[in-house]
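Peer 1: Give me coordinates for this.
(one chain, ligands or ions: 1)
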Amino acid sequence: MRLSTITMQTKILCVSGARPNFMKLAPLIREMQDDPAFNPVLVHTGQHYDDRMAGQFFRDLKMPPPAHNLEVGSGSHAQQTAEIIKRFEPVVLSEQPHAVLVVGDVNSTVACALVAKKLQVPVVHVEAGLRSFDRSMPEEINRVLTDAISDLLLVTEESGRRNLLAEGIAPQRIHLVGNLMIDSLRFNVETARQSGIDVRLGLSDRRFGLVTLHRPANVDDPDQLRGILGALAEIAKSCPLYFPVHPRTRARIESMQFSTAAALTLLEPLGYLDFLCLMSRSSIVLTDSGGIQEETTALGIPCLTLRTNTERPVTVEEGTNILAGTTPASILKAWDQMNADPKIGRIPRYWDGAAAGRCLAALKEFFANSPN
Ligand code: UD1
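Peer 2: Here you go, the predicted structure:
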């Protein structure tokens, strides 16, 4: 449909599922709400449902409440994905959107893309093209499948475009728009720095590091997790570490009864503003998260990624990220290296806080050229 010939707004179902999705959607929904051409309708699948994993992020990011909450909850990959598919189909049928927009690489992303495509509703994928080339990661399967059926693919870094072209995606479907997560970071960082969590933890003028860990490959195997926690305890002897613990990891740590070192402080999961406050004030971040590799690069904070690969190579090539591996020896080696020669990065192209505007421009072009 041509925007010039339609009288009604372009209705886009925007899908959120899990914690890393919210900060990508918030700036996009805000930009759409300010543009009379668009009518964004937020659907939350409920893949993440705890207040600390979802509700707090809606409040911190000032997102509108979802028009639909599918309340799927947790389960095996098959159960969760199937439940999202079953519950999302009637929403698409009743809403009759012009497109379904999915973000990132979680189970909700691939499930909702599949539903839309089978109903012949165009699919827009934000953060398309990232590849770890490690198909043991559930996220990599979600990425490859979502991209294969997406109509408009919005990428955060050049590697995304290269990967999609190599997979045979037509170049006119791919747009480098930059990083919506960094839009959120720039929009919120000054507010976040006033959150006061640093004061409450007694960290106002102390050097400290921040840890996150939740990848199944790192936390589901007790020996693997014990090794990583041992390395962290060693590092904590010279730099106190603060570790907001994901529910998956909390359950694993409790079941193996690991007593953490005094200087490795476990916290409950933090909301967006509290976490951004601590991250922006930390000396170093150790993580296996995808998004945090990007946020540390944007903030210029050294990051040790506790993985052997990354689907976000620009954070290593241009940013402050180092792949530290997942063995105690490799982590401690990377820690020494980072201390001896801290990595000074630069900000990747289009990680400038204005990605949402470029997303909307790409959407307008897409609908203007769409044959229906
Ligand atoms: C999911 C995403 C992962 C993302 C991560 C961010 C997939 C395949 N994985 O992994 O890509 O990096 O979110 O957090 O989509 N739980 C709660 N409360 C919640 C949600 C989960 O307690 O609100 C617990 C449940 O016990 C659940 C476990 O955490 O079984 C794991 O949650 P799940 O959504 O299956 O995967 P994540 O590890 O969070």
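
Peer 1: Indicate the residue of the stretch 201-350 of the chain located nearest to the ligand.
Peer 2: Pro247 (3.2 Å; C-beta to the nearest ligand atom). In short, each C-beta sits where N, CA and C put it, glycine included.

Peer 1: That residue - how many residues pack around it?
Peer 2: 15 (other C-beta atoms under 10 Å).

Peer 1: Surely it touches Asp50?
Peer 2: Yes. Pro247 is within contact range of Asp50, at 6.9 Å (criterion: C-beta atoms under 8 Å).

Peer 1: Sketch out the low-pLDDT regions of this protein for me.
Peer 2: 1-7, 260-261, 371-372 (pLDDT under 70).

Peer 1: Can you show me the strands along it?
Peer 2: For the chain, the strands defined by DSSP state E occupy 10-16, 38-44, 68-69, 99-103, 123-126, 152-155, 174-176, 209-212, 241-244, 264-267, 284-287, 303-305, 321-323.

Peer 1: name the helices or strands packed onto the third one?
Peer 2: Think strand 68-69. strand 38-44 (3 or more C-beta pairs under 8 Å, 6 or more residues apart in numbering; DSSP states H and E).

Peer 1: got it, and the first one?
Peer 2: Counting contacts by 3+ C-beta pairs under 8 Å, 6+ apart, strand 10-16 packs against helix 19-33, strand 38-44, helix 77-95, strand 99-103, helix 107-118, helix 355-369.

Peer 1: could these go into TSV alongside distance to Phe258 and mean neighbour count?
Peer 2: As requested, the helices and strands packed on strand 10-16 are arranged in TSV below (distance: least, C-beta to C-beta, whole Å; neighbours: other C-beta atoms under 10 Å):
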stretch	distance to Phe258	mean neighbour count
helix 19-33	24	23
strand 38-44	34	22
helix 77-95	26	17
strand 99-103	34	27
helix 107-118	28	25
helix 355-369	40	19
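
Peer 1: Out of the ones you listed, which gets nearest to His125?
Peer 2: With C-beta to C-beta as the criterion, His125 lies closest to strand 99-103 of the helices and strands packed on strand 10-16, at 5.7 Å.

Peer 1: for that closest one, packing partners?
Peer 2: strand 10-16, helix 19-33, helix 107-118, strand 123-126.

Peer 1: Can I get stretch 269-276 in PDB, CA atoms only?
Peer 2: C-alpha atoms of stretch 269-276 as PDB (Å, rounded to 0.1, in the frame of the first residue of the first chain):
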ATOM      1  CA  PRO A 269      17.900  -8.500  39.000                       C
ATOM      2  CA  LEU A 270      18.000  -4.700  38.500                       C
ATOM      3  CA  GLY A 271      15.600  -2.400  36.600                       C
ATOM      4  CA  TYR A 272      16.900  -0.600  33.500                       C
ATOM      5  CA  LEU A 273      17.800   2.700  35.200                       C
ATOM      6  CA  ASP A 274      19.500   1.100  38.200                       C
ATOM      7  CA  PHE A 275      21.500  -1.200  36.000                       C
ATOM      8  CA  LEU A 276      22.500   1.700  33.600                       C
END
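
Peer 1: gap between the residue nearest to Met23 when sequence neighbours are not counted and the ligand?
Peer 2: Counting by C-beta to C-beta, 6 or more residues apart in numbering, Met23 lies nearest to Ser184, which is 4.0 Å off, once chain neighbours are set aside. Distance, Ser184 to the ligand, using C-beta to the nearest ligand atom, to the nearest Å: 15 Å.

Peer 1: ok, Ser184 - how many residues close by?
Peer 2: Ser184: 27 neighbours (other C-beta under 10 Å).

Peer 1: Counting neighbours, what do you get for Pro171?
Peer 2: 9.

Peer 1: Report how many residues lie close to the residue nearest to it when sequence neighbours are not counted.
Peer 2: Leaving aside its chain neighbours, Pro171 sits nearest to Leu165 (6.4 Å; criterion: C-beta to C-beta, 6+ apart). Neighbourhood size, Leu165 [other C-beta under 10 Å]: 13.

Peer 1: surely Leu165 meets Leu176?
Peer 2: No. Under the criterion of C-beta under 8 Å, Leu165 is not in contact with Leu176, lying 11.9 Å apart.

Peer 1: if we can go back for a sec, figure out which of the helices and strands packed on strand 99-103 is closest to Ser195.
Peer 2: Using C-beta to C-beta, those put helix 19-33 closest to Ser195, at 15.3 Å.

Peer 1: State the separation between that closest one and the centre of the chain it belongs to.
Peer 2: Computed by C-alpha atoms, centre = their mean, to the nearest Å, the chain-centroid distance of helix 19-33 equals 11 Å.

Peer 1: Enumerate every residue touching the closest residue to Leu201 other than its chain neighbours.
Peer 2: Nearest non-adjacent residue to Leu201, counting by C-beta to C-beta, 6+ apart: Tyr242, 6.7 Å away. Each residue near Tyr242 by C-beta atoms under 8 Å, 6 or more residues apart in numbering is listed here: 201, 203, 208-211, 265, 267, 278, 282.

Peer 1: Let me know the closest of those to Gln257.
Peer 2: Of these, the one sitting nearest to Gln257 (C-beta to C-beta) turns out to be Thr265, at 18.0 Å.
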